[in-house]
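Asks: Pasting the sequence and the predicted model now:
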Amino acid sequence: MTENRLLLATKNPGKVREIRRALEGVPLKILGLGEVLSGLPHRERGKTFSANARSKSLFYSRKWDGLTLAEDSGLEIEALGGAPGVRSARFSGRKPSDEKNNRKVLRLLRNAPAEDRKARFVCVMVLSRKGRVVKEFRGEARGRIGLAPRGTSGFGYDPLFYYPPLRKTFAELAPGVKNAVSHRGRAVLQLRAFLEAKKKAPSGELPGRAMARR
């Protein structure tokens, strides 16, 4: 059944790994764009994480029959007015990379004291089917930007993002530990609860789907 297939509308292998790991045990066949619609690009034009996730989810949900999950996430630094924000992946300009993005953040904050290095990771996920939004989920993780990269796990800004409750950067955390406290992990936890509630619904219909049709 197509409802038992979930397309992760991202080409980022790190995101695919984290979401698949967080949804282990949910009876869904989880596919990435590379397995289904690799030659069909979508350009992000939104000014918010929610707008980007929604447009991407709807775009790909019209191209196949299963469920589609799109997410947009990024780093917001207080001292930089919320930057890099929705431009997190391309913050360093042409031909961006994780290393270049991290270097730019450190350069911009080189004279900032600890109290001015507050930051948060934000993740917005949108679940859609056949051109209709089913549900939106949001997760956040608050911390601060370190003085230098630490750790070799994770991806993106993880080596810079220091998480005070665990006294480590996200890149120093084991994958399972990071999933339990990260912005993406918290959003997926809501998604998981939603999908599990769907299993228990008498009709098998997705919770909130009737509402999404209005």
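Replies: Alright, I've got the coordinates.

Asks: all helices for this protein, in order.
Replies: With helices called from DSSP state H, the chain shows them at 13-22, 33-36, 49-61, 98-108, 175-181, 183-200, 209-213.

Asks: Export those as TSV, with columns for mean pLDDT.
Replies: Shown next, in TSV, are those (pLDDT from 0 to 100):
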stretch	mean pLDDT
helix 13-22	84
helix 33-36	83
helix 49-61	95
helix 98-108	97
helix 175-181	91
helix 183-200	90
helix 209-213	43
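
Asks: Determine which stretch of the ones you listed is the most buried.
Replies: helix 49-61 (a mean of 22; mean count of other C-beta atoms under 10 Å). (Each C-beta comes from the backbone N, C-alpha and C, glycine too.)

Asks: what's that helix packed up against?
Replies: Using 3 or more C-beta pairs under 8 Å, 6 or more residues apart in numbering; DSSP states H and E, the elements in contact with helix 49-61 are strand 67-77, strand 118-129, strand 132-145.

Asks: Which of those strands sits closest to E172?
Replies: Closest approach to E172 among the helices and strands packed on helix 49-61 is made by strand 132-145 (12.1 Å; C-beta to C-beta).

Asks: So what are the sheet partners of the closest one and their directions?
Replies: strand 118-129 (antiparallel), strand 161-163 (antiparallel) (DSSP bridges).

Asks: residues of the longest one that come out buried?
Replies: Pointing back at strand 118-129 there. For strand 118-129, the neighbour count (16 or more other C-beta atoms under 10 Å) marks A119, R120, F121, V122, C123, V124, M125, V126, L127, S128, R129 as buried.

Asks: Would you mind getting the angle between it and strand 67-77?
Replies: Per axes from the mean of the first three to the mean of the last three C-alpha atoms, to 10 degrees, the angle that strand 118-129 makes with strand 67-77 is 170 degrees.

Asks: Double-check K178 against E172; I have them as touching.
Replies: No: checked against C-beta atoms under 8 Å, the pair K178 and E172 is beyond contact range at 9.2 Å.

Asks: Quickly list what's touching both of the two.
Replies: Each of S153 lies in contact with both K178 and E172 under the rule C-beta atoms under 8 Å, 6 or more residues apart in numbering.

Asks: circling back: export the buried residues of strand 118-129 as CSV, with columns for distance to L69 and pLDDT.
Replies: Below are the buried residues of strand 118-129 laid out as CSV (distance: C-beta to C-beta, whole Å; pLDDT from 0 to 100):
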residue, distance to L69, pLDDT
A119, 25, 98
R120, 22, 98
F121, 18, 98
V122, 17, 98
C123, 12, 96
V124, 11, 97
M125, 6, 97
V126, 7, 98
L127, 5, 97
S128, 8, 96
R129, 10, 95
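
Asks: Using a markdown table, lay out the helices of the chain together with distance to E136.
Replies: Shown next, in a markdown table, are the helices of the chain (distance: least, C-beta to C-beta, whole Å):
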| stretch | distance to E136 |
| --- | --- |
| helix 13-22 | 15 |
| helix 33-36 | 20 |
| helix 49-61 | 7 |
| helix 98-108 | 26 |
| helix 175-181 | 20 |
| helix 183-200 | 9 |
| helix 209-213 | 10 |
